[in-house]
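*Asks:* Mind looking at a prediction? Sequence and model below.
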Amino acid sequence: MAGSIGIKVISYISQNQNSYLISVREHVFISLLAVSVAIIIGIPAGYACDKYRKYEKWIAAAFQTLRIIPSLAVLILLIPVMGTGIKPAMTALVLLAVPAILLNTAAGLRSVPYFMIETAYGVGMTDREVLWKVKFPLALPAILTGVKTAMIEIIASATLAAKIGAGGIGGMIFTGLGLNRMDILLAGGISVAALSISAGLAFEMLDRLMLKYNHLRK
């Protein structure tokens with residue numbers, strides 16, 4: 001039974017190769033664009049939480065509150081304002097991804113040992129140099145973990161983008177559900193899982209390349 005389903009999944013993908021590859025490309029594009037925007041927002045917001053700690057609970061709470069709203073509900077609420085397509089999908093995915101990057105950035109910056117900062121000032125570094133040459137490099141492992149978490153969440157949630165015409169693998173999943181076609185449903189689900197695993201492995205490799213000294217000490 002499982003073997004026949006597997007054959008049907010492979011057969012569906014091979015017979016619909018062009019449309020399948022288009023769906024995967026759309027999914028990857030939406031995911032990368034959303035995480036890029038989330039990084040642009042999340043890292044400065046995380047830095048602001050570390051620098052202005054009395055405002056941290058307000059900054060973090062604002063994004064956390066938006067995050068707990070289901071992505072599908074956000075999409076539906078945005079349709080009257082942005083219409084359908086990639087814009088509301090991007091907004092919902094960015095709101096989902098920012099908190100992980102923001103919180104990890106703030107935690108990473110806060111975990112930098114104070115004696116490292118004192119030493120940096122002691123050798124004559126300016127505030128800007130301390131930030132870019134000491135704080136951010138030492139906080140990078142935590143920041144990368146936040147970005148990896150955000151990326152995996154985005155890939156999984158981007159399936160909903162198909163509901164409002166933004167494309168992606170979600171279209172296959174909803175088609176499979178609508179037609180009661182297990183082969184189409186599994187083709188979509190397995191593809192999303194494969195993209196999530198690939199993203200996790202890619203960030204592991206990036207972590208090892210950028211932070212070799214951490215792994216050498218282990």
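*Replies:* Sure, I can see it.
*Asks:* for this protein, what's the longest helix?
*Replies:* helix 17-51 (DSSP state H).
*Asks:* Now do the buried residues in that one.
*Replies:* 20, 23-24, 26-28, 30-31, 33-35, 37-39, 41-43, 45-50 (16 or more other Cβ atoms under 10 Å). C-beta here means a position set from N, CA and C on the backbone, and glycine is covered the same way.
*Asks:* Against which helices or strands is that helix packed?
*Replies:* Packing partners of helix 17-51 (3 or more Cβ pairs under 8 Å, 6 or more residues apart in numbering; DSSP states H and E): helix 56-68, helix 86-110, helix 136-157, helix 170-179, helix 182-210.
*Asks:* repeat that for 6 Å
*Replies:* helix 56-68, helix 86-110, helix 136-157 (3 or more Cβ pairs under 6 Å, 6 or more residues apart in numbering; DSSP states H and E).
*Asks:* could I get stretch 105-113 in PDB with only the CA atoms?
*Replies:* Output of stretch 105-113 as PDB, limited to C-alpha atoms (Å, rounded to 0.1, in the frame of the first residue of the first chain):
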ATOM      1  CA  THR A 105      19.200  39.100  18.700                       C
ATOM      2  CA  ALA A 106      18.400  40.800  22.000                       C
ATOM      3  CA  ALA A 107      19.400  37.600  23.900                       C
ATOM      4  CA  GLY A 108      22.700  37.300  21.900                       C
ATOM      5  CA  LEU A 109      23.700  40.900  22.500                       C
ATOM      6  CA  ARG A 110      22.900  40.600  26.200                       C
ATOM      7  CA  SER A 111      25.000  37.500  26.600                       C
ATOM      8  CA  VAL A 112      28.200  39.200  25.400                       C
ATOM      9  CA  PRO A 113      30.500  39.100  28.500                       C
END
